[in-house]
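Engineer: Fold the following, please.
(2 chains)
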Protein chains: 2
Amino acid sequence: MLVTFVGGEAGPWSIIRNDPIRGDGLAAAQRLVVEENGEPQRGVWTLRGSVSNERYVNSREQVGLRERSPSLGRREATSAALIPIRKSEDWWMLPQDVRRAIFEERSRHIATGLEYVPAVARRLHHGRDLAEPFDFLTWFEYAPRDANAFEELIGRLRETEEWTYVVREVDLRLERDG
Amino acid sequence: MLVTFVGGEAGPWSIIRNDPIRGDGLAAAQRLVVEENGEPQRGVWTLRGSVSNERYVNSREQVGLRERSPSLGRREATSAALIPIRKSEDWWMLPQDVRRAIFEERSRHIATGLEYVPAVARRLHHGRDLAEPFDFLTWFEYAPRDANAFEELIGRLRETEEWTYVVREVDLRLERDG
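Structural biologist: Numbers count the residues shown, from 1 in each chain, chains lettered A, B, ... in the order given. From the prediction side, this is the model:
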């Protein structure tokens, strides 16, 4: 499934923050549409990614994620974040076992994320094979009461060894009417 | 890098075999062009894939592959094969460790391929995240004197557990003037 995130003047989500974290940011936009296999829409910017197979999750982790991960679109989840990142060519040249070791054994990406479900729903979109400017677009949804937990999650991930390979990152926060 | 394989009436490669191995085949075409980041060309069919990062290769295997893999375009490599495959949804739902175990520990995909370098040059193109009809397009180049070795390689791979997950496969063979 190919998903398109269109920042512009239309859409159910209001963009309330748009911060460049590393490298170039994204142009200012008021609202966001998330299009699933829809017609491309025009906006100030358009980011695309595919919902694809897992690249690092092992059997045990997959069971935990499937049992506990909430779906998108929960009525109370009126807060969202869109975090586009690109990793360095050094990262992509590493063999699978080394990337896995950095990603999970040393950075605890999956284990840390599991601490924040079911509060935070998450969907990952892959853009690298589409020649997009970002390798990953991660979309998060949560209730306003879980905003502090979400900030903690993002802060912990940004301190990991994995994140030293991130060469571009933007942090967008969004709200919709409940 | 996005690569487009265009089957039609033009191109340096003559298509000398076009066999459906599993599922639907591809329409008859006389010649093939391999376009690297070029303008899309019109043909009887067009297949696209991205040259992407490795998904299963570990550190030791990566060293072996890098030391011994020949490049494409060798003067003597006037024979080629294009083998598009699609794997089942069951495959794609498996966690990474299970896919790796089937792919290499049980099917010896990487180890078997390494037995046929430097005779056979190979480049893998990923189509699944592009919503292409095939998940993989593998392109092989070899000298006519290595044709038997190539047949052996393909035959061995098709007998593996990994291949039980292949739901569509076409086998195209090609020649160009030396």
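
Engineer: Three-state assignment for the nearest residue to A:Glu61 once chain neighbours are set aside, please.
Structural biologist: Leaving out its chain neighbours, the residue that sits closest to A:Glu61 by C-beta to C-beta, 6 or more residues apart in numbering or on different chains is A:Ile110, at 5.0 Å. In this view, the C-beta of every residue, glycine as well, is placed from N, C-alpha and C. Of the three states, A:Ile110 takes helix according to DSSP: H, G, I helix; E, B strand; the rest coil.

Engineer: Do I have it right that A:Ile110 meets A:Glu54?
Structural biologist: No. With contact defined as C-beta atoms under 8 Å, A:Ile110 does not reach A:Glu54; the gap is 9.4 Å.

Engineer: mind checking how far the spatially closest residue to A:Leu2 that is not a sequence neighbour is from A:Asp135?
Structural biologist: Nearest non-adjacent residue to A:Leu2, counting by C-beta to C-beta, 6+ apart: A:Ser50, 5.4 Å away. Distance, A:Ser50 to A:Asp135, by C-beta to C-beta, to the nearest Å: 12 Å.

Engineer: ditto for A:Tyr116
Structural biologist: 22 Å.

Engineer: Neighbour count: those two, which is higher?
Structural biologist: In this view A:Tyr116 and A:Asp135 are compared by other C-beta atoms under 10 Å in any protein chain shown, and A:Asp135 has more residues nearby, 23 against 19.

Engineer: Name the residue closest to the centre of chain A, please.
Structural biologist: A:Thr138 (1.2 Å; C-alpha atoms, centre = their mean).

Engineer: just how off-centre is the longest helix along chain A within its chain?
Structural biologist: Using DSSP state H to define each element, chain A has its longest helix at helix A:147-158. Its chain's C-alpha centre and that of helix A:147-158 lie 13 Å apart, by C-alpha atoms, centre = their mean, to the nearest Å.

Engineer: Quick check: mean pLDDT of it?
Structural biologist: For helix A:147-158, the mean pLDDT works out to 98.

Engineer: Could you tell me whether A:Val63 really is in a helix?
Structural biologist: Yes. The assignment for A:Val63 is a helix, going by three-state DSSP.

Engineer: pLDDT wise, what is it at?
Structural biologist: 95.

Engineer: roughly how far apart are A:Ala29 and chain B?
Structural biologist: According to C-beta to the nearest C-beta, to the nearest Å, A:Ala29 stands 25 Å off from chain B.

Engineer: Okay, now the unreliable bits of chain A?
Structural biologist: Applying pLDDT under 70 to chain A flags no residue at all.

Engineer: which stretches of it form helices?
Structural biologist: Using DSSP H, helices in chain A cover A:59-68, A:89-93, A:96-100, A:109-114, A:147-158.

Engineer: A:Pro12 is in contact with A:Arg176, isn't it?
Structural biologist: Yes. Applying C-beta under 8 Å as the test, A:Pro12 and A:Arg176 come out as touching, 5.0 Å apart.

Engineer: what about those two, which has more around it?
Structural biologist: A:Arg176 (15 against 12).

Engineer: can you pull the contacts of that one?
Structural biologist: A:12-14, A:78, A:80 (C-beta atoms under 8 Å, 6 or more residues apart in numbering or on different chains).

Engineer: Count the neighbours of A:Leu137 for me.
Structural biologist: 25.

Engineer: separation between it and B:Glu9?
Structural biologist: Distance from A:Leu137 to B:Glu9, by C-beta to C-beta: 40 Å.

Engineer: Equivalent analysis for A:Leu94, please.
Structural biologist: 42 Å.

Engineer: So which of the two has more stuff around it?
Structural biologist: A:Leu94 (20 against 10).

Engineer: contacting residues for the nearest residue to the more buried one once chain neighbours are set aside?
Structural biologist: Spatial nearest neighbour of A:Leu94, chain neighbours left out: A:Ile102 (7.6 Å); criterion: C-beta to C-beta, 6+ apart. By C-beta under 8 Å, 6+ apart, the contact list for A:Ile102 reads A:94, A:161-162, A:165.

Engineer: what two of those residues have the greatest distance between them?
Structural biologist: With distances taken as C-beta to C-beta, the most widely separated pair in the contacts of A:Ile102 is A:Leu94 and A:Glu161, at 12.0 Å.

Engineer: wait, A:Ser88 sits on A:Trp163?
Structural biologist: No. Between A:Ser88 and A:Trp163 there is no contact under C-beta under 8 Å: 11.2 Å.

Engineer: okay, the two: which has more neighbours?
Structural biologist: Neighbours were counted for A:Ser88 and for A:Trp163 using other C-beta under 10 Å; A:Trp163 has more, 18 against 14.

Engineer: The more buried one and A:Arg156 touch, don't they?
Structural biologist: No. The criterion here is C-beta under 8 Å, and A:Trp163 misses it with A:Arg156 at 9.9 Å.
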